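Asks: whatever this is, show me its structure:
(4 chains)
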There are 2 protein chains.
Amino acid sequence: MKLKEFAKQLGLSPTTVSRALSGYPEVSEVTRARVVQEAVRLGYRPNVNAVRLKTGRVGAIGVVMGRAGEFHFAEFMAGMAERLITEDTDILVIPMANPEYDAEMQLYRRLAESQRVDAIIVHSPRPNDQRIALLHELGMPFLVHGRSDIDVPHPWLDIDNEGAVRRATSHLIDLGHTRIAMINGREGATYALHRDIGYRSALQSHGIEVDPQLIANGNFTDELGFRFARSFLEQPKRPTAFVAGSMMTALGIYRAARSLGLQIGSDVSVIAHDDVFPYLTADNMVPSLSATRSSMRAAGTRCADLVLQLLAGRSPTEIHELWPVELILRESTGPVRTPRT
Amino acid sequence: MKLKEFAKQLGLSPTTVSRALSGYPEVSEVTRARVVQEAVRLGYRPNVNAVRLKTGRVGAIGVVMGRAGEFHFAEFMAGMAERLITEDTDILVIPMANPEYDAEMQLYRRLAESQRVDAIIVHSPRPNDQRIALLHELGMPFLVHGRSDIDVPHPWLDIDNEGAVRRATSHLIDLGHTRIAMINGREGATYALHRDIGYRSALQSHGIEVDPQLIANGNFTDELGFRFARSFLEQPKRPTAFVAGSMMTALGIYRAARSLGLQIGSDVSVIAHDDVFPYLTADNMVPSLSATRSSMRAAGTRCADLVLQLLAGRSPTEIHELWPVELILRESTGPVRTPRT
DNA sequence: GATGAAATTGAAATCGATTTGAGAAAATAT
DNA sequence: ATATTTTCTCAAATCGATTTCAATTTCATC
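Replies: Down below sits the predicted model:
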């Protein structure tokens, strides 16, 4: 059913029908009511592509998905979805072929120029992230989930990674720990940098020297958590505590400790970052995991919200949200016990 | 840069340019080469929405995401993305507001009629799934990831859930287990039904009676795995083995067993289904987890592929792929040991 | 060199909506 | 009763491509 046809059936012009449906004020309430009602009855829906062509609005927000298929991603998207359900906006997932720099920039350029999305959400930004410069230059609305140092104004939503890790580390120090290992995310992303800063600053402000031997970077997997933790714990002067970047990493650390006959919570303390997953909770681990917590899902919801505001005309320069992170202490942290060397 | 403009710069008509770029044979190779080259140089890209309006093709595949935000989802999508990278097709994620039946049907109807996607992938179908009937009736191309009994021809890709669970269960029986618990997925989906059938048929063919007290259904979470396992293990005649639906469930079972001082692999055997996640592997669990394995990511890739074939004209009725599932035995399964009651 | 076939090219119609600018009808003011 | 404003409606232009159909050019053949 096309507009023309539909209008004819109603004995109205396409103009009036279009206006009635899009809520323009020039059409009388009586007419509008009739049009809306008949549209439902006859099943008329404007052709999306025609609308898009004409208005230049697409009704979609783009999210680029790396190949890694990280498990946070689904939660973030579920959060976005929660907010977008009521809007007439969908989420376009754009696969990223290879994480090479040029290809990535190319992808964002194409995406911005292709007019397939109204806005883009940029994930895991780097300190000097050229994607941001590019999108800014192209005039494509975007929101950064995370932050960047880059000298270009950009709207962002981020959690206080630095503060969270500083508090976590400080807490461990307060418990008497001095050899504290840090298993961070992949090098390069700002969030990993911020966590690193938080970690170092906590140590330094307590006069503890940073030992590079106790710092590792890598994907958030159980596997790497295990490997790093294991190699750290096998050092002659092994760490008595861990700060870790994710729940999966924590699982790996637990495993490593157990494999060496070490008790989590007494021999080894662990604090990890918890993005809050419905299927795996810190509370349920044994022993329950002390964690810095911030809901990935809530972030998704809020990001979607902010993007909508952006599209509605809110100034990008005023959108900066830094979310505090809770530190929740459970059984995986305890006072230091001198390791049996 | 618009087609008209671009064509003028080249001294050609829009027609020729369009043909050159879309690879029609009527244009000379010399001209085509020039057009393509100049398009790159001047940065001309056809407006997606105009193309879509004109051709009726959207260049997007729709996937409906339930609110649960299951962790499989990201893997499946990553797999799809892998295949779609080379095509000019994206993934449209449509959030599902509430899982109520009417709303769900409404959503699919709207989606099919809105012409925002070229095809839809239906997940976790039910035995008598009206979404399938609806999409078929509306003539919207779709692929079912999973299967349905419904009396409507539909293209599908599924893994052999029944066979996998039958083998897993049979193996446990061969090891001497007779009290085998089953923690299945949520009731209603065909895959859960198939697994149930596989479980029961294995028991029955060995002359073991099915005990409803040992069967549970629910989401794939660590939490539920723990709760069900715990309650089963506290029964007077506790099970000596578990068949579980997911890695998260398995984590919960491990935890429950440990909390009761039971050894996985000797006191209690476990086989779970592994969708193959990069961040959590069965091999790395302690003890390593025996699993029925099938890659969710590979399924996503293949589903994307099949949808493309569908859109290219392949007959839906001939697309039926049943993937075998590997059974990989590791340390979590062992011969039965009479429980100390 | 003329002829017909094959290879190229282009003008104009089309996809299905929105929106501008103008006209008719109704309401209000003089 | 007429003039003026306000409210409602519509014809036609437009968004930016694709594609049909017709025209032109090139080429091979006689």
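Asks: what residue ranges in chain A score low on pLDDT?
Replies: A:67-69, A:97-99, A:338-341 (pLDDT under 70).
Asks: okay, helices next: where are they in it?
Replies: Using DSSP state H, the helices assigned to chain A run over residues A:3-10, A:14-22, A:29-42, A:48-55, A:71-84, A:101-114, A:130-138, A:161-174, A:190-205, A:222-233, A:247-259, A:296-311.
Asks: so for B:N49, which of those helices sits nearest?
Replies: helix A:48-55 (4.2 Å; CB to CB). Using the backbone N, CA and C atoms, a C-beta is placed for each residue, glycine as well.
Asks: ok so, going back, can you add distance to chain B and mean neighbour count and give the helices of chain A back as JSON lines?
Replies: Shown next, in JSON lines, are the helices of chain A (distance: least, CB to the nearest CB, whole Å; neighbours: other CB atoms under 10 Å in any protein chain shown):
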{"stretch": "helix A:3-10", "distance to chain B": "13", "mean neighbour count": "16"}
{"stretch": "helix A:14-22", "distance to chain B": "14", "mean neighbour count": "18"}
{"stretch": "helix A:29-42", "distance to chain B": "12", "mean neighbour count": "13"}
{"stretch": "helix A:48-55", "distance to chain B": "4", "mean neighbour count": "18"}
{"stretch": "helix A:71-84", "distance to chain B": "3", "mean neighbour count": "24"}
{"stretch": "helix A:101-114", "distance to chain B": "5", "mean neighbour count": "16"}
{"stretch": "helix A:130-138", "distance to chain B": "11", "mean neighbour count": "18"}
{"stretch": "helix A:161-174", "distance to chain B": "20", "mean neighbour count": "22"}
{"stretch": "helix A:190-205", "distance to chain B": "16", "mean neighbour count": "20"}
{"stretch": "helix A:222-233", "distance to chain B": "5", "mean neighbour count": "22"}
{"stretch": "helix A:247-259", "distance to chain B": "5", "mean neighbour count": "24"}
{"stretch": "helix A:296-311", "distance to chain B": "7", "mean neighbour count": "21"}
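Asks: am I right that A:D149 is in contact with A:T190?
Replies: Yes. At 7.4 Å, A:D149 counts as touching A:T190 under the criterion of CB atoms under 8 Å.
Asks: now do the shared contacts for those two.
Replies: Overlap of the contact sets of A:D149 and A:T190 (by CB atoms under 8 Å, 6 or more residues apart in numbering or on different chains) consists of A:P127.
Asks: include distance to DNA strand D when you put the helices of chain A into a markdown table, please.
Replies: Below are the helices of chain A laid out as a markdown table (distance: least, CB to the nearest atom of the strand, whole Å):
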| stretch | distance to DNA strand D |
| --- | --- |
| helix A:3-10 | 7 |
| helix A:14-22 | 4 |
| helix A:29-42 | 4 |
| helix A:48-55 | 4 |
| helix A:71-84 | 25 |
| helix A:101-114 | 10 |
| helix A:130-138 | 15 |
| helix A:161-174 | 42 |
| helix A:190-205 | 36 |
| helix A:222-233 | 46 |
| helix A:247-259 | 45 |
| helix A:296-311 | 19 |
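Asks: how about TSV for these, with distance to B:T281 added?
Replies: Shown next, in TSV, are the helices of chain A (distance: least, CB to CB, whole Å):
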stretch	distance to B:T281
helix A:3-10	54
helix A:14-22	52
helix A:29-42	51
helix A:48-55	42
helix A:71-84	13
helix A:101-114	28
helix A:130-138	32
helix A:161-174	27
helix A:190-205	23
helix A:222-233	6
helix A:247-259	10
helix A:296-311	22
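Asks: give me the spatial nearest neighbour of whatever residue of the stretch 101-250 of chain A ends up closest to chain B, chain neighbours excluded.
Replies: The minimum distance from the stretch 101-250 of chain A to chain B, using CB to the nearest CB, falls at A:T221 (4.3 Å). In this structure, A:T221 finds its nearest non-sequential neighbour in B:Y279, 4.3 Å apart by CB to CB, 6 or more residues apart in numbering or on different chains.
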